[in-house]
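# A predicted structure for the sequence below; I have some questions about it.
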Amino acid sequence: MLELRLVQGNLLKKVLESIKDLVTDANFDCSSSGFSLQAMDSSHVALVALLLRAEGFEHYRCDRNLSLGMNVANMAKMLKCAGNDDIITLKADDGSDTITFMFESPNQDKISDFEMKLMDIDSEHLGIPEAEYHAIVKMPSAEFAKICRDLSTFGDTVVISVTKDGVKFFISGDTGNGNIVLKQNTTVDKPEESIAIEMNEPVSLTFALRYMNSFTKATPLSNTVTLSLSSELPVVVEYKIAEMGYIRFYLAPKIEEDENES
Amino acid sequence: MLELRLVQGNLLKKVLESIKDLVTDANFDCSSSGFSLQAMDSSHVALVALLLRAEGFEHYRCDRNLSLGMNVANMAKMLKCAGNDDIITLKADDGSDTITFMFESPNQDKISDFEMKLMDIDSEHLGIPEAEYHAIVKMPSAEFAKICRDLSTFGDTVVISVTKDGVKFFISGDTGNGNIVLKQNTTVDKPEESIAIEMNEPVSLTFALRYMNSFTKATPLSNTVTLSLSSELPVVVEYKIAEMGYIRFYLAPKIEEDENES
Amino acid sequence: MLELRLVQGNLLKKVLESIKDLVTDANFDCSSSGFSLQAMDSSHVALVALLLRAEGFEHYRCDRNLSLGMNVANMAKMLKCAGNDDIITLKADDGSDTITFMFESPNQDKISDFEMKLMDIDSEHLGIPEAEYHAIVKMPSAEFAKICRDLSTFGDTVVISVTKDGVKFFISGDTGNGNIVLKQNTTVDKPEESIAIEMNEPVSLTFALRYMNSFTKATPLSNTVTLSLSSELPVVVEYKIAEMGYIRFYLAPKIEEDENES
């Protein structure tokens, strides 16, 4: 039997909003340690990994490991019916082919429950090894979202370069070229506005902007975002989820003769 | 001669916004007692009844009963030109085939008048007898609007059931089933947030959600909405209009072998 | 060499938003006195004239007169990447066929630069003589925008008439006729809400509403707008730009047998 009770139901609403454009159907995995997801986007270019640790739930009961196949759009539609302050409970009986979402308003005046059919979805779980990255950039998530949105009016491809001094986003398009440079800055009053760069060696990588824009749908989940870059690995775009876990997006860099001429 | 002066002109703007999607052309009836409307929606399934009592107007002069045929969309378009704080005056001379809407800004700096041709519209006035209902539910109008909107993403038909404990909205759709239950609650601090149920006998009725969603366009007119339900009668969805009157929507329930399987 | 540094970069963003629907390509003229533009709209009916005086810039260097041909939509796209509080600098080397826009965030954490190709655009500069107008009306810009927007739901053509008492906007359309009258009022507490009329002789002129609506895109630039009307001249719709200059739109009146019957 599965019963997960999340007081901050709003987090689950935001998680679904952040992945529903990227992923169509997905297996959500429940184990004693937490509620997680790993899924490729529909074009098999980007990977999403979600973790909500068991400790973050008010009540977490998962008697045996379960893989719950769900249509993400339908799940998002149900969660839209939950109020922002609602407590959300997920329930599934052993062997059942349905899952129930229950929403309780804070004053218990309104109780909703939605039952959804589970699906059989083929998926293979990729092992993602811990890796060393050439550079790790932590910045305000709204700033990253604005940069990706702004640059995508000029072209399809962004070059992200990191040096000790800052991180540069470069775009080359029909109407001209653009550079946006963010300087390392950890002395600001509000830590969520700081720009922190850990660099082992300089790195410059090219990415498809449309995936970056898709990842930034997770912006409401966290004030900050972390980009982990390495020339041999997919970039990791990570949004921490309160005390509970994270959502991580992985995207392989584009390989080109000359990255600046894409 | 007709001259109706309404200080809270905003009310008339909201009335038109709430009916313009439902009704195309309609006769507005003026008598010494008030300004009223009764009209079927264009598919002849739902009925709207509006009353603005003479006492609610700052000045109300109606020398003889008049039936003013107007295109509702055009009327709404004119009223959009009135500011939210404007005083609205309706004027028509006896025998004239036009009506004039005058809008005065609170400081009298801006005076607008729009003249509109009246139309001949066939309509029969239905007598709506006062009736006994099995159950009357009073609830926050915004909550009712959210429930109708949320459920309409799952299916076309809602089952509304009332018991002593609460009112239940049930939907069955391709993606699953959903229940939303509101509990009777009259002890809240703000009376407009209370959920009050008067029940003579339990009732469970099925309705087309698209009409319910249309009725909720009247939400800005009142903090609360009242549903009067009976198994032999159309439901009445009523929004009170300040001290002046009401707008009521009538919709016949769907008859089905098994209401829960629609 | 050209280098113009504008601390209130937001003004330039608003200028571009206000002309981008009217003008496709345009020559921006730089001289020692200021940064200016004169352009016809694409249908050659309306004229835009912009002036930003050199004194309004924090730093203004323009070694020789330059005419910078730019695509207005692309320029607006670049300026959208500037934050509202950013300092904007325009730079061009002598003889270069590109211009660079630099945006600096207030705390210097984020520096963006965009390079854009310049274009060769044929244009003739019209001399616009200072003229005597029959009437000059100054009114809140938001009020003027609302009137143009409201009236355009009824018809294509507005008659603007000025008498000593006020200014009248008249429209005649399929659904009826409308008049909006604003009274002279200079005694209000807030000067930006006053309606001031200077009149030498009464005037009544007919204009295409769609251009008026286009001009009102400049509303965010100023709380007030000035209409200068004369029966022999195009109307001038002017928005002052802070301490720096203005944007002026010119539109010839429609000539008709009977203006009220259009």
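That came through fine. Note that the coordinates shown come from a computational prediction; the quantities given were computed from them, not determined experimentally. Residues are numbered from 1 along each chain as shown, chains lettered A, B, ... in the order given.

# where does residue A:212 land in three-state SS?
The three-state label for residue A:212, taken from DSSP: H, G, I helix; E, B strand; the rest coil, comes out as helix.

# so what pLDDT did the closest residue to it other than its chain neighbours get?
Closest residue in space to residue A:212, ignoring its immediate chain neighbours: residue A:148 at 4.5 Å, by CB to CB, 6 or more residues apart in numbering or on different chains. Every residue, glycine included, has its C-beta placed from N, CA and C. Predicted confidence (pLDDT) at residue A:148: the value is 97.

# my guess is residue A:148 is in a strand, correct?
No. Using three-state DSSP, the secondary structure at residue A:148 is helix, not a strand.

# give me the neighbour count for it.
Residue A:148: 21 surrounding residues under other CB atoms under 10 Å in any protein chain shown.

# distance of the residue lying farthest from the centre of chain A relative to residue B:187?
Of all residues in chain A, residue A:109 sits farthest from the chain's C-alpha centroid, using CA atoms, centre = their mean; the distance is 32.7 Å. For residue A:109, the distance to residue B:187 under the criterion CB to CB, to the nearest Å works out to 10 Å.

# residue A:192 and residue A:139 touch, don't they?
No. Taking contacts as CB atoms under 8 Å, residue A:192 lies outside contact range of residue A:139: 9.8 Å.

# okay, and the common contacts of these two?
Shared between the contact lists of residue A:192 and residue A:139 (criterion: CB atoms under 8 Å, 6 or more residues apart in numbering or on different chains) are residues residue A:224.

# these two: who's more crowded?
In this view residue A:192 and residue A:139 are compared by other CB under 10 Å, and residue A:139 has more residues nearby, 24 against 13.

# counting by contacts, list what the helix or strand where the more buried one lies packs against.
Secondary structure from DSSP states H and E places residue A:139 in strand A:135-140. Taking 3 or more CB pairs under 8 Å, 6 or more residues apart in numbering or on different chains; DSSP states H and E as the contact definition, the neighbouring helices and strands of strand A:135-140 are strand A:196-199, strand A:224-229.

# starting at the chain centroid, how far to stretch A:102-112?
Centre-to-centre, stretch A:102-112 and its host chain are 28 Å apart (CA atoms, centre = their mean, to the nearest Å).

# list the buried residues for that stretch?
A:102, A:103, A:104, A:105, A:109, A:110, A:111, A:112 (16 or more other CB atoms under 10 Å in any protein chain shown).

# which outside residues touch it?
A:9, A:81-83, A:85-91, A:113, B:143, B:178-183, B:185, B:188, B:195.

# ok but residue A:55 is inside a helix, no?
Yes. Counting by three-state DSSP, residue A:55 falls inside a helix.

# what's the distance between it and residue A:85?
Note on residue A:55: its distance to residue A:85, by CB to CB, is 22 Å.

# OK, now which residue of the stretch 151-262 of chain A is nearest to chain B?
As assessed by CB to the nearest CB, chain B sits closest to residue A:217 within the stretch 151-262 of chain A, at 19.3 Å.

# quickly find the element holding the residue nearest to that residue when sequence neighbours are not counted.
Nearest residue to residue A:217 in three dimensions, chain neighbours excluded: residue A:18, at 4.4 Å (CB to CB, 6+ apart). Counting by DSSP H and E, the secondary-structure element that holds residue A:18 is helix A:9-19.

# what's the distance between that helix and the middle of its chain?
Relative to the chain's own centre, helix A:9-19 is displaced by 10 Å; criterion: CA atoms, centre = their mean.

# quick one: average pLDDT of it?
For helix A:9-19, the mean confidence score works out to 96.
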